[in-house]
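In: Quick check, what structure comes out for this input:
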Amino acid sequence: MSSLQEHLAKQQPETSGIHEAMALHTEDVFDEFAGILPLFLGKRKLGSFVTLALPTEVTGSRDLLNSCLADLISAYDFRMVSFVSAIRAHSETDQEPRLGAILITADNAKNLYQLPWILEFDSQANLTNHTRSEATGEIIPSGVWLSYFQQSRDTDEKQSAYNRLLEIFGDASLLPDFSA
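Out: Sure thing, here's the model as predicted:
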């Protein structure tokens, strides 16, 4: 399995290339582990990429996910973020919700990319097949992303955002190094 860094090195450095690198890495994870890994990638204005696994409780709640994304962007001054999460999806032929996955990549230059996957599982809940799909509408509207990237970055707000993240993650070692 290629690492995320290897995929990033093979793609263009623009947001669209980073989105495709994350998509390829996500598909490697699907194949290798027969499941979904809620992964987050952020690019700071100054510095390297940051990766971390999002807690399951974050990806299980739209409100908590939005709050966590806003706090990550604020605390770490990210100019671009990309994340994978499980979602409940409806197929075109059947309106019963099914487990799917989505990759969303957004940046402070108003670029927004979304890639959903249709997932199939066996009777033991192992992922057996994944197919790229088309997004129908914005999962998190571009206006919301813009507000995340334009929020205040003063020291107090960055510290407050980091403190909220500590509550969610429960352990500072699960988060990138922080300095206000």
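In: residues of stretch 124-132 that come out buried?
Out: Neighbour-count burial for stretch 124-132, counted by 16 or more other CB atoms under 10 Å, picks out Leu127, His130. (Each C-beta comes from the backbone N, C-alpha and C, glycine too.)
In: Report the mean confidence score over stretch 19-34.
Out: Stretch 19-34 carries an average pLDDT of 91.
In: Give me the pLDDT for Met1.
Out: Residue-level pLDDT assigned to Met1 equals 68.
In: go on, the one 4 residues further on?
Out: What the model reports for Gln5 is a pLDDT of 89.
In: what's the answer for Ser91, then?
Out: 58.
In: Could you shift the numbering so residue one becomes 210, and keep it that way?
Out: Done: numbering now begins at 210, and the last item shifts to Ser300.
In: Could you point out the helix or strand that follows the longest helix belonging to the chain?
Out: Ranked by residue count and defined by DSSP state H, the top helix of the chain is helix 224-242. Next along the chain after helix 224-242, taking DSSP states H and E as the criterion, comes strand 248-253.
In: how far off helix 224-242 does the helix or strand just after that next one point, in degrees?
Out: Per DSSP H and E, strand 248-253 leads on to strand 258-262 as the next helix or strand towards the C-terminus. Angle of strand 258-262 versus helix 224-242, following axes from the mean of the first three to the mean of the last three CA atoms, to 10 degrees, is 30 degrees.
In: could you say what helices and strands the one helix or strand Leu281 maps to packs with?
Out: Element membership for Leu281, per DSSP H and E: helix 271-285. In terms of contacts (3 or more CB pairs under 8 Å, 6 or more residues apart in numbering; DSSP states H and E), helix 271-285 is packed against strand 248-253, helix 265-268, strand 287-299, helix 351-359, helix 364-378.
In: Flag every buried residue along the shortest one.
Out: Read that as helix 265-268. By 16+ other CB under 10 Å, the buried positions in helix 265-268 come out as Val267, Thr268.
In: Look at the nearest residue to Glu329 once chain neighbours are set aside and report its pLDDT.
Out: Among residues not flanking Glu329 along the chain, Asn338 sits closest, at 4.1 Å (CB to CB, 6 or more residues apart in numbering). The confidence metric pLDDT takes the value 91 at Asn338.
In: This completes my enquiry, with thanks.
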